[in-house]
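model this:
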Amino acid sequence: MDGMYTLSGFLVGLIVGVTGVGGGSLMTPLLVLAFGVSPATAVGTDLLYASLTKTLGGWVHGRRGTVDWRVVGLLSLGSLPAAVITIVLLKYSALDEKTMRSLVTSVLSVALLLTASALLLKGWIKKIAQRKDGTVYGLHHRHLPAATIVTGIIVGTLVTISSVGAGVLGTVALLFLYPRMQAVKVVGTDIVHAVPLTAVAGMGHMALGTVDIVLLGSLLLGSLPGIYIGSHLSAKVPEAVLRPVLATMLLIIGTRMVLY
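As a prediction, the model looks like this:
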């Protein structure tokens with residue numbers, strides 16, 4: 001079984017390396033549907049898995065200067081307290097296993113369907129941000145900080161319950177809020193923000209007892225080389241092919257989770 005976890009980690013890591021997205025969107029439902037792992041344990045383990053695997057990517061983007069640290073700070077102002085509050089609510093609501101399973105599965109299903117939709121609509125969002133004369137729409141600078149913090153709150157809550165949302169949904173939110181930001185900077189900012197968010201949420205789940213350390217080690221053993229290989233293949237696989245394939249896969253998985 002450990003070997004199958006490692007193989008799964010490698011395959012998911014490969015997809016993440018090639019596409020830049022799909023870690024939580026694929027790993028959590030895979031653990032639940034294919035291996036029968038408890039949804040809460042799958043989420044908790046995947047959060048720590050995500051924080052460890054994204055740390056390297058965040059470090060690379062930081063070195064390259066492709067991170068908007070002000071935006072990271074604003075997102076974190078919303079997401080980190082939201083993650084802590086969500087963990088506290090989960091702890092003191094004392095939900096029984098059946099109710100917890102239902103809550104996590106429901107939020108996970110919604111997050112997967114939103115992620116799939118965001119992947120498909122990403123190009124369209126970029127287009128509607130541009131006027132006919134080529135200039136770009138954008139929120140007034142006075143409203144941007146508050147809107148960014150609120151976005152962080154939503155993403156932080158969603159990620160803590162489902163482990164999904166820090167990647168694609170975070171990226172699409174940044175594209176909408178900051179249409180003038182370079183694409184590489186959007187990705188770098190989103191990855192760097194995801195590192196502390198998934199770490200805080202993951203540590204919270206560890207305190208709740210919903211993290212499987214052995215499972216985490218098995219996944220990392222496969223995913224790290226998978227991400228390394230995938231990142232070198234990414235330039236050779238066109239995004240126009242990958243995006244609809246991944247979105248369709250997530251729609252199918254999300255629909256399957258609704259029926260779980």
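
Tell me the spacing between residue 103 and residue 96.
To residue 96, residue 103 is 11 Å away according to Cβ to Cβ, to the nearest Å. C-beta here means a position set from N, CA and C on the backbone, and glycine is covered the same way.

From the chain's centre, how far out is the lengthiest helix in the chain? Work that out for me.
Longest helix in the chain by number of residues (criterion: DSSP state H): helix 97-128. Taking Cα atoms, centre = their mean, to the nearest Å, one finds helix 97-128 lying 10 Å from the centre of the chain it belongs to.

pLDDT on it, on average?
Taken as a whole, helix 97-128 carries a mean pLDDT of 78.

Does it pack against any helices or strands, and if so which?
When contacts are defined as 3 or more Cβ pairs under 8 Å, 6 or more residues apart in numbering; DSSP states H and E, helix 97-128 packs onto helix 23-33, helix 39-64, helix 144-162, helix 168-177, helix 239-258.

so where's the stretch 51-200 of the chain uncertain?
Filtered on pLDDT under 70, the stretch 51-200 of the chain yields the residue ranges 122-123, 125-141.

Kindly provide the distance from residue 117 to residue 222.
Relative to residue 222, and taking Cβ to Cβ, residue 117 is found at 29 Å.

More neighbours: which of the two?
Higher neighbour count among residue 117 and residue 222: residue 222, with 21 against 17, using other Cβ atoms under 10 Å.

any idea which element the more buried one lies in?
helix 213-233 (DSSP states H and E).

returning to what we had before: rebuild the helices and strands packed on helix 97-128 as CSV, extending it with distance to residue 233 and mean neighbour count.
Below are the helices and strands packed on helix 97-128 laid out as CSV (distance: least, Cβ to Cβ, whole Å; neighbours: other Cβ atoms under 10 Å):
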stretch, distance to residue 233, mean neighbour count
helix 23-33, 16, 25
helix 39-64, 16, 22
helix 144-162, 27, 21
helix 168-177, 20, 22
helix 239-258, 11, 17
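
Can you lay out those as JSON lines showing distance to residue 4?
Putting the helices and strands packed on helix 97-128 into JSON lines (distance: least, Cβ to Cβ, whole Å) gives the following:
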{"stretch": "helix 23-33", "distance to residue 4": "10"}
{"stretch": "helix 39-64", "distance to residue 4": "15"}
{"stretch": "helix 144-162", "distance to residue 4": "23"}
{"stretch": "helix 168-177", "distance to residue 4": "26"}
{"stretch": "helix 239-258", "distance to residue 4": "18"}
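
of those helices, which approaches residue 215 most closely?
helix 39-64 (5.3 Å; Cβ to Cβ).

Output the contacting helices and strands for the closest one.
helix 2-19, helix 23-33, helix 97-128, helix 144-162, helix 183-208, helix 213-233.

Can you tell me which of the ones you listed is most buried?
Mean neighbour count (mean count of other Cβ atoms under 10 Å) peaks for helix 23-33 among the helices and strands packed on helix 39-64, with a mean of 25.

residues touching residue 169, list them.
By Cβ atoms under 8 Å, 6 or more residues apart in numbering, residue 169 lies in contact with 111, 114-115, 118, 155, 158.

so which of these comes closest to residue 57?
Out of those, the member with the shortest distance to residue 57 (by Cβ to Cβ) is residue 155, at 17.4 Å.

Compute the distance between the closest one and residue 14, please.
Going from residue 155 to residue 14 by Cβ to Cβ gives 25 Å.
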